[in-house]
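Peer 1: Any chance you can model this:
(one chain, ligands or ions: 2)
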Amino acid sequence: MKYLITGGAGFIGSALSRLLAENPENRVVVLDKLTYAGSMGSLRSLKGKSNFRFVCGDIRDRSLVSSLLADEEITTIIHLAAESHVDRSIDSPALVMDTNVMGTLVLLEAALAHWRSFSTAARGNFRFHHVSTDEVFGDLGPADPCFTEQSPYAPSSPYAASKAAADHLVRAWHRTYGLPVVLTNCSNNHGPFQFPEKLIPLTILNALQGVSIPIYGTGGNVRDWLHVEDHARALALVARSGRIGASYNIGGEAECSNLTLVESICDTLDRKKPDPSGRSYRNLITFVTDRPGHDRRYGLDISNIRTELGWTPTYTLNAGIENTIDWYLQNSWWWQPIRDERYGGERLGLEQTRPGTAKDHPSLSAKATILPEMQM
Ligand code: NAD
Ligand code: TYD
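Peer 2: Ligands and ions are numbered 1, 2, ... in the order given. Here you go, the predicted structure:
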């Protein structure tokens, strides 16, 4: 198979690229803009592999995407490139829409032209796999049943709204133009190489640095956690064997409140790397102003992917968290420069700090609302 992985220098995309490149019969081409969230270090183990190629570029660059698809004779696109952080989406919604919605549109258009250039027989082998989130469904009450693939869309944050819009585009390109697509909606991931703006790596690194660990609101919000390697396996499986036009929920069946999770990370660190003062890392937990629009609970019904494709998560939450903590303890070469130079852990997404105008992204402050590279 010849894969184009967008966002392959990010957290999940790099895990997927590492997995796919293990098979010498696969060709893995990563297209990534290397925004603040992308890192070549995450692809270090693939350097020099003959079945791997990295291209630094923007998914919104139509001519670049089209030539890559043609030159590399791509048969499977797995689309992960995105602005992926809810808090940043509260601060800069226009950038998030540009990347997540318009970027997906550019890819779909390039993919459609590429697919149409194939013979009828070859068309059957092509897939456009869109990687999405459970956040498109909005949130659940404490006793609500988990989201299924049929749950209505009700996104809360600008990030979730952008992913919902992209999901709708992908389905429309299937229904209207016949593009062979599959979609996946996954719960919260954790594991190696996650940018330390997200709850789990932020907690680990703040603890190690001895600074406060911020819990939004009461810490009662619930997320369903999945180890990134389990997600990568599911993505590879769906891209290869998923039903065309179908969506699959992917989750860990591991719901946990933020406070319980953070306390258990502190307890694990107390065991593995005790603070020299002898005090528990739990003392660093600090309750801070809640996130605007904060979703209360996510939980996914994964019976579809389990029965249809035979996928199931392999990590329990405890084993996964232990693995994640061990990785951060052993890999400061990866996170220390990021923490020093790109993001030091300051609070993001407090709506009051936003200018409140469209100036947060040049495409909306300019007279024309369409960026030149988006004209097709
Ligand atoms: P990430 O922020 O770690 O990585 C995103 C990558 O996309 C980065 O390498 C960045 O450089 C790249 N990128 C951003 N804009 C780009 C552009 N215009 N052109 C090319 N590359 C660009 O994100 P992640 O956590 O790995 O998430 C990957 C995908 O999975 C996203 O689509 C996200 O919505 C989805 N997802 C994430 C989670 C999660 O828990 N992290 C859960 C479900 C779904
Ligand atoms: P996050 O890792 O940002 O993922 P998402 O918003 O996509 O679920 O946040 C996970 C949960 O942790 C979410 O309920 C918000 C909360 N949270 C905190 O309490 N403190 C923090 O510093 C961060 C980043 C998140």
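
Peer 1: got a pLDDT number for whatever residue of the chain ends up closest to ligand 1?
Peer 2: Among all residues of the chain, G10 sits closest to ligand 1, at 2.0 Å; criterion: Cβ to the nearest ligand atom. In short, each C-beta sits where N, CA and C put it, glycine included. According to the prediction, G10 has pLDDT 98.

Peer 1: after the helix or strand D224 falls within comes which helix or strand?
Peer 2: Element membership for D224 (DSSP states H and E) is strand 222-227. Using DSSP H and E, the helix or strand that directly follows strand 222-227 along the chain is helix 228-241.

Peer 1: So that next one, near ligand 2 or not?
Peer 2: No - shown here: helix 228-241 not in contact with ligand 2 (Cβ under 6 Å from any ligand atom), separated by at least 12.9 Å.

Peer 1: Can you give the contact residues for that helix?
Peer 2: 1, 3, 11-12, 15-16, 18-20, 76, 78, 127, 129, 131, 182, 184, 186, 189-194, 248, 250, 252, 305, 309-311, 313-315 (Cβ atoms under 8 Å, 6 or more residues apart in numbering).

Peer 1: quick one on the thing from earlier: the strand holding D224 - what's its average pLDDT?
Peer 2: On average, strand 222-227 scores 98.

Peer 1: Next, work out how far apart L284 and K273 are.
Peer 2: 14 Å (Cβ to Cβ, to the nearest Å).

Peer 1: who has more neighbours, those two?
Peer 2: Shown here are L284 and K273; by other Cβ atoms under 10 Å, L284 has more neighbours (19 against 14).

Peer 1: Please list the outside residues in contact with stretch 79-86.
Peer 2: Contacts of stretch 79-86 with the rest of the structure, by Cβ under 8 Å, 6+ apart, involve 5-8, 10-13, 16, 31-33, 35, 37, 59, 89, 92, 95-96, 99-100, 103-104, 107, 128-131, 135, 157, 159-160, 162-163, 195, 197-198, 291, 348-349.

Peer 1: Next, the buried residues of it.
Peer 2: Residues of stretch 79-86 classed as buried by neighbour count (16 or more other Cβ atoms under 10 Å): 79-86.

Peer 1: mind listing which of these are in helices?
Peer 2: V86 (DSSP state H).

Peer 1: possible to save the buried residues of stretch 79-86 as a markdown table with distance to ligand 2 and pLDDT?
Peer 2: Below are those laid out as a markdown table (distance: Cβ to the nearest ligand atom, whole Å; pLDDT from 0 to 100):
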| residue | distance to ligand 2 | pLDDT |
| --- | --- | --- |
| H79 | 18 | 99 |
| L80 | 15 | 99 |
| A81 | 17 | 99 |
| A82 | 12 | 98 |
| E83 | 12 | 98 |
| S84 | 8 | 98 |
| H85 | 6 | 98 |
| V86 | 4 | 98 |
